[in-house]
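[1] sequence below, structure please.
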Amino acid sequence: MVSSSDLRRQLVRYAISGGALTLFYSAVYWIAAVPMAIDALVANALAFVATVAIGFVVHSRWSFAGHGRRDRPVRAWSLFLAVNLAGFALNSFWVWLIVERIGASPSWPLVPIVFVTPWLSFYLNRRWTFGG
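    Have a look, this model is predicted:
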C-alpha cells in the first residue's frame with residue numbers, strides 16, 4: 001500500500017517533470033503549427049515523437065522513482081509507449097475537433113493538451129506502467 005506522503009511526492013515530481021514535458025511538447029507543437037504553418041495534426045505528431053523518449057527517462061527515473069517494479073524495463077517501456085500513444089490519440093482528437101472540425105486557431109488545442117491529457121497520463125502511468 002502506498003502512503004499518502006508517497007502519493008504526494010509522486011504528484012509533485014510528476015507536476016514538475018510532466019509540466020516541463022508538457023511545455024516542451026506544447027512549444028514543439030505551436031512552433032510547427034503556427035509560425036511554420038505545418039498541418040496541426042502533423043505538428044501534433046512531431047511534438048509526440050520529440051517528447052516520448054525523454055518522458056520515459058524522466059518519469060521512470062524521477063517522477064515514479066521507488067514505485068512499482070523495475071526488473072522488466074522492456075515491459076515498462078512498452079506500457080509507457082501504450083499510455084503515451086493513448087495520450088497522442090487524445091491530443092490528436094483535441095487538434096482534430098478544435099482546428100479541423102470547429103475551425104479555431106491551431107493554438108486552442110493547447111488548452112486541453114495542457115490541462116486534461118497530462119492527468120490522464122499520470123493516472124495510467126502510476127497504475128499501469130510503473131505500478132506493478
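
[2] got phi/psi on Gly103?
    When read as degrees, to the nearest 10, the backbone of Gly103 gives phi 90, psi 20.

[3] contacting residues around Leu11?
    Phe122 (Cβ atoms under 8 Å, 6 or more residues apart in numbering). In short, each C-beta sits where N, CA and C put it, glycine included.

[4] check which helix or strand it maps to.
    Using DSSP states H and E, Leu11 falls within helix 4-33.

[5] give me the element the residue nearest the centre of the chain is part of.
    Centroid-nearest residue in the chain, with Cα atoms, centre = their mean: Pro118, separated by 5.2 Å. Using DSSP H and E, Pro118 maps to helix 117-124.

[6] buried stuff in that helix?
    117-118, 121-122, 124 (16 or more other Cβ atoms under 10 Å).

[7] so where's the chain shaky on pLDDT?
    1-2, 69-71, 132 (pLDDT under 70).

[8] just to revisit the earlier point, pull out the buried positions in the helix holding Leu11.
    Applying 16+ other Cβ under 10 Å to helix 4-33 flags 9-10, 13-14, 17-18, 21-22, 25-26, 28-30, 32-33 as buried.

[9] that helix versus helix 117-124: what angle between them?
    Put simply, helix 4-33 runs at 140 degrees to helix 117-124, going by axes from the mean of the first three to the mean of the last three Cα atoms, to 10 degrees.

[10] next SSE after helix 4-33?
    helix 40-58.
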